Structures are given as C-alpha cells and as structure tokens.
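S.K.: Show me the folded form of this:
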Amino acid sequence: MKRIEEESDGPESRIEELVAVPLKEAEPMKVVLIGALLPENEKNELLGFMRQSEDVFAWSHDDMPGIDPVHACHRLNIDPNFPLIRQRARKFAPEKNRAINKEVEALLENGLITECVYLCWISNPVVVKKKNSDDRTCIDFTNLNKAYPKDSFPLLKID
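M.R.: Presented below is the predicted three-dimensional model:
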C-alpha cells in the first residue's frame, strides 16, 4: 500500500492511503493506484471503467505510439535574445552509461525521439536511482528553461 500527500495552501494537509490494484489478474504487475477511502461502489465502478479502457494505459514505451505531426506538433518557444548555453559534457560510470544508452535506444526504437545535432544547446542526461533500484534517465534542462518566456500559470509545489 502506498501513501500520497496532497499539499494545500491552508493549514490542513490531507494524507490518503492508496491501494495498488491489478487491472488483470493474469498480469499482476500492471497495477493502478486508487484511494483506499473511496466507497466500495465507486471503487468497483472506477475499476470496471479502467478495465474496459485498459488499452489506453501505457505500461512500456512500446505502448506509446507517436503522434502524427499533422495532428499535433511541438515547437520550442525560446527567447531569441537569450544567450545560447552549452553544458559541458559529463562523464558517467559504465553502469550509468549503459542505463542512458538503453533508455535512448528504447526511445529511438519506439519513435518517441529522433536523432538530431544541435551545436548551440546541449543538455546533459542525469541518472537517478528509483525506489525499486532501477535507473531513471532524465535530462537537465535548467539552462534551457531559463530561455523560455515566463508564464503566469505557476505550478504547484512538486516534490
């Protein structure tokens, strides 16, 4: 059973227990988390809906097909007056290098990223250990984020 904290601006903070429930009994590793305090009839209704809509869940990169650019295309709205920043290439231990290469290969293979060469902006990967001791590969976009125009929609505090 997992716990999640919801933060609010007020003095009261709510902690709700979450229960891991498999969507299919034949595949016990594919679980969704639902609130333990949810009334039984709502739990059953929610699980029934999720089981009917199981095909929309992505359990791996293979389950996430790319979107045709005809339908949606993303462009980076970077301030053209911002000075270009190139992070110095970091050196990684061999096991972290393998984790990075494995993740990049999976993303390339599934068409979620494409290879490109930008000499002006370079951001380094960061490898973080997950709770289950797997490696998570992320990209350090701190310098690139500074070049984006600021918006008036602040994010909630994310931990």
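S.K.: for residue 121, what are its contacts?
M.R.: 84, 85, 86, 143, 144 (CB atoms under 8 Å, 6 or more residues apart in numbering). (Each C-beta comes from the backbone N, C-alpha and C, glycine too.)
S.K.: Mind doing that once more with 10 Å?
M.R.: Contact analysis of residue 121 by CB atoms under 10 Å, 6 or more residues apart in numbering lists 76, 78, 84, 85, 86, 87, 141, 143, 144, 147.
S.K.: Distance check, residue 45 against residue 27.
M.R.: In this view, residue 45 and residue 27 are 22 Å apart by CB to CB, to the nearest Å.
S.K.: With respect to residue 102, which of the contacts of residue 121 is nearest?
M.R.: Closest to residue 102 out of these is residue 141 (20.8 Å), distances taken as CB to CB.
S.K.: The closest one against residue 122, yeah?
M.R.: No - counting by CB atoms under 10 Å, residue 122 is not a contact partner of residue 141; they are 11.0 Å apart.
S.K.: which neighbours do the two share?
M.R.: With CB under 10 Å, 6+ apart as the test, residue 141 and residue 122 both reach residue 87.
S.K.: which residue ranges form the helices in this structure?
M.R.: 40-52, 94-109, 142-146 (DSSP state H).
S.K.: closest one to residue 71 among these?
M.R.: helix 94-109 (20.1 Å).
S.K.: Would you mind pulling up the elements that the closest one packs against?
M.R.: strand 125-129, strand 135-139 (3 or more CB pairs under 10 Å, 6 or more residues apart in numbering; DSSP states H and E).
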